[in-house]
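Q: Quick check, what structure comes out for this input:
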Amino acid sequence: MGNFFSKKEIFENQVLAMESRIANMESKINSSKTHLDNNYKKIIFYFIIIEFILVFSLYNIFFSSDTLSEKAMCFVYSLLISIVIYTFAKIYRFTYGLDQLFEERKRVTDYEHTKKLLENYEIFKKKNLSDHIDNKNKIEIIDNEFFILINHSINIRHCSGQATMVLLNGFR
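A: Residues are numbered from 1 along each chain as shown. As a prediction, this is how the structure comes out:
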């Protein structure tokens with residue numbers, strides 16, 4: 001009997017722990033998405049600042065140079081810096097996306113454990129419900145048997161009382 005109650009508490013604790021883990025995962029997912037978006041916005045912001053600084057410095061070089069090749073190199077530097085920063089931003093998103101895929105895979109494997117716990121919980125609920133229904137049916141059966149027994153004994157007494165009265169009337 002003690003094992004039943006201790007297992008019940010352990011299972012309920014497992015369900016509560018699972019619910020808290022789910023809530024923690026949801027909050028981590030939401031915070032990680034906002035963190036990723038904030039970092040990506042910072043990268044774009046710094047990219048724009050770097051481009052303005054680069055354009056300003058290349059603007060001075062562009063107008064001070066006399067040859068076309070020097071002027072073309074100013075645009076190449078601007079283009080290369082833009083490509084490098086864009087590539088950096090994409091690599092950041094890609095690596096963070098891989099981290100998200102790994103986390104998703106962990107959750108899928110954790111899903112199997114969670115599914116097992118949910119099945120145990122469903123069995124537990126069905127067992128409690130069936131126990132409750134069985135107890136209710138037992139009470140109804142006992143009530144019906146008691147009612148039949150009482151009716152039967154009243155009928156016997158009633159019949160025996162009539163028989164006694166018939167016998168008594170017959171002897172008079």
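
Q: ok, residue 76 to residue 125 distance?
A: Noted for residue 76: a distance of 70 Å to residue 125, by CB to CB, to the nearest Å. From N, CA and C alone the C-beta is placed, and that goes for glycine too.

Q: what does stretch 85-98 contact?
A: Residues outside stretch 85-98 that contact it (CB atoms under 8 Å, 6 or more residues apart in numbering): 36, 39-40, 43-44, 46-47, 50.

Q: and those, which two are the farthest apart?
A: The largest separation in these, counting by CB to CB, is between 36 and 50 at 21.0 Å.

Q: Before we move on, what's the pLDDT of residue 111?
A: On pLDDT, residue 111 comes in at 65.

Q: Also residue 5?
A: Residue-level pLDDT assigned to residue 5 equals 54.

Q: do the one 3 residues further on as well
A: Looking at residue 8, its pLDDT reads 55.

Q: Low-confidence ranges, this protein, go.
A: 1-9, 97, 101-102, 104-111, 129-172 (pLDDT under 70).

Q: Kindly recompute the last result at 50.
A: Scanning the chain with the threshold set as pLDDT under 50 gives 1, 145-172.

Q: where exactly do the helices run in it?
A: Here the chain has its helices, by DSSP state H, at 2-64, 68-171.

Q: what about residue 60, neighbour count?
A: By the measure other CB atoms under 10 Å, the count of residues near residue 60 is 10.

Q: let me redo that: residue 74
A: 19.

Q: follow-up on the earlier one: is it possible to get JSON lines of the contacts of stretch 85-98 that adds distance to residue 116 and neighbour count?
A: Putting these into JSON lines (distance: CB to CB, whole Å; neighbours: other CB atoms under 10 Å) gives the following:
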{"residue": "36", "distance to residue 116": "32", "neighbour count": "16"}
{"residue": "39", "distance to residue 116": "37", "neighbour count": "14"}
{"residue": "40", "distance to residue 116": "38", "neighbour count": "14"}
{"residue": "43", "distance to residue 116": "42", "neighbour count": "17"}
{"residue": "44", "distance to residue 116": "44", "neighbour count": "13"}
{"residue": "46", "distance to residue 116": "47", "neighbour count": "12"}
{"residue": "47", "distance to residue 116": "48", "neighbour count": "17"}
{"residue": "50", "distance to residue 116": "52", "neighbour count": "14"}
